[in-house]
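A.B. asks: Below: sequence and its predicted model.
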Amino acid sequence: MRWDHLRLDGGAPGGALPLIERGAVERTFDTPEFRGMTFYEVRAKSIINKVPAASHVPFTWTVNPYRGCTHACLYCFARKTHEYLEMDSGADFDSRIVVKVNAGELVRRELAAPRWRGEPVAMGTNVDCYQRAEGRYRLMPEILGALRDASNPFSILTKGSLILRDLPLLMDAAERADVSTAVSVGSTDPDLWRLVEPGTPAPRKRLEVCARLNEAGVRCSVLMGPVLPYLTDSPRQLEEVVRQAAQAGATSIGAIPLHLRPGAREWFLAWLREHRPELVEPYARLYGGRAYAPKWYQERITGRVRELAAEYGIGRGPRRGIEPRRPPARTSPGASPGAGAGAGVGVGAEQLTLL
């Protein structure tokens, strides 16, 4: 299990939260944005974590100042890690947040250690470092300051607009080391966003963040993460995200179809049964008992997004407001009207069929 190193050993008698036994300070705040949430302030022993060798991710070191996430994305793959704290992966993950209050000082200390080799550090890879709690705890400025002072390369993936608060720090750091950022935008549908990502800024706001970062010289890409089968995977929906990413000056764009790992799987499917019950059986057929969509589906989505990125010029400099140059539609003999180039290839002309 990728996150086994985060597990707290030894459950507490009677189901008490192990963190409380370890001296965590429990806080609640009587303000609208934090109502119903509990924060557990802890002093971590280490903060720059090595990713297990078996993990298929393009980075080796991570910094995660929070556990749990107020963004409350239904599909978040990190939900399972909350069970290691003897909390549930559903509502507790959204509302009981662990805050590593000494994260900044630990980053500075560990970057200065003789054994540290200045390797890139990835942030936002477990839960969002710019989730709502960061507005109160302000852990990231000290973390970024330490990385800047050490001229250490780093990357940030976020759904949060709060990253713009730290734009001056990011600009300073980018003058000393390789700094990259990415915003996660799986769909631009405002109605679906409110249902599946209720604690996040709107997709349009995230794309504005992308534009601001790029205009300031801080490289920012877009990750379409995740693309939801039957919900956000139609050709029109995919193209709309790519089009708006191009307008925002995204340096690149990629797509990740939905992962249904344990923890996230139960929470997401419960939502599906309540809000889109007609999709329960199609999801069962597509995923079966697997965490990942079939390879053919993954290739279909990622391939189409690559095609759209090329059409809109993403990766070839700013092309705001420019429509893609499309090849003439090709139809084979006997093709139905409207079956243009790409029908049956990549995403094709229709959203993934339910039958």
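C.D. replies: Right, received. Where do you want to start?
A.B. asks: Which helix or strand in this structure has the lowest average pLDDT?
C.D. replies: Here the helix or strand of the chain ranked lowest by mean pLDDT, DSSP states H and E is helix 18-21, holding a mean of 49.
A.B. asks: what's next to the helix or strand immediately after that helix in the chain, contact-wise?
C.D. replies: Downstream of helix 18-21, the first helix or strand assigned by DSSP states H and E is strand 25-27. Strand 25-27 has contacts (C-beta atoms under 8 Å, 6 or more residues apart in numbering) with 20, 38-42. Every residue, glycine included, has its C-beta placed from N, CA and C.
A.B. asks: Output those residues as a markdown table; include the columns neighbour count and distance to A146.
C.D. replies: Output for these, formatted as a markdown table (neighbours: other C-beta atoms under 10 Å; distance: C-beta to C-beta, whole Å):
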| residue | neighbour count | distance to A146 |
| --- | --- | --- |
| I20 | 12 | 29 |
| T38 | 17 | 28 |
| F39 | 24 | 23 |
| Y40 | 22 | 23 |
| E41 | 17 | 20 |
| V42 | 17 | 19 |
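A.B. asks: What are the neighbouring residues in contact with the closest residue to L170 other than its chain neighbours?
C.D. replies: Nearest residue to L170 in three dimensions, chain neighbours excluded: V218, at 4.8 Å (C-beta to C-beta, 6 or more residues apart in numbering). V218 makes contact with 167, 170-171, 174, 179, 181 under the criterion C-beta under 8 Å, 6+ apart.
A.B. asks: From those residues, which land in helices?
C.D. replies: 167, 170-171, 174 (DSSP state H).
A.B. asks: coming back round to it: what does the residue nearest to L170 show for phi and psi?
C.D. replies: The phi/psi pair for V218 (degrees, to the nearest 10) reads phi -100, psi 110.
A.B. asks: ok, so what distance separates it from L111?
C.D. replies: Noted for V218: a distance of 20 Å to L111, by C-beta to C-beta, to the nearest Å.
A.B. asks: What of F39?
C.D. replies: Distance of F39 to L111, given as C-beta to C-beta: 26 Å.
A.B. asks: where in the protein is pLDDT low?
C.D. replies: 1-22, 56, 317-355 (pLDDT under 70).
A.B. asks: can we see that at 50?
C.D. replies: Scanning the chain for pLDDT under 50 picks out 1-16, 20-21, 318-355.
A.B. asks: which ones are touching D92?
C.D. replies: Counting by C-beta under 8 Å, 6+ apart, D92 makes contact with 68, 82.
A.B. asks: ok, now with 6 Å
C.D. replies: When contacts are counted by C-beta atoms under 6 Å, 6 or more residues apart in numbering, D92 touches H82.
A.B. asks: and it, what element?
C.D. replies: In the assignment (DSSP H and E), D92 maps to helix 91-95.
A.B. asks: what comes up buried for that helix?
C.D. replies: Using 16 or more other C-beta atoms under 10 Å as the test for burial, helix 91-95 gives 92-95.
A.B. asks: what about that helix, distance to the chain center?
C.D. replies: Centroid displacement of helix 91-95 relative to its chain, using C-alpha atoms, centre = their mean, to the nearest Å, is 17 Å.
A.B. asks: try stretch 102-115
C.D. replies: Computed by C-alpha atoms, centre = their mean, the separation of stretch 102-115 from the middle of its chain amounts to 25 Å.
A.B. asks: Just the CA coordinates for that stretch, please, in CSV.
C.D. replies: Extracted C-alpha coordinates of stretch 102-115, given in CSV (Å, rounded to 0.1, in the frame of the first residue of the first chain):
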residue,chain,number,x,y,z
ASN,A,102,5.6,22.8,12.5
ALA,A,103,5.8,22.0,8.8
GLY,A,104,7.7,25.1,7.8
GLU,A,105,10.5,24.7,10.4
LEU,A,106,10.8,21.0,9.5
VAL,A,107,11.2,21.8,5.8
ARG,A,108,13.9,24.3,6.5
ARG,A,109,15.8,21.9,8.9
GLU,A,110,15.5,18.9,6.5
LEU,A,111,16.7,20.9,3.5
ALA,A,112,19.7,21.9,5.4
ALA,A,113,20.6,18.3,6.5
PRO,A,114,23.9,17.1,4.9
ARG,A,115,22.1,14.0,3.5
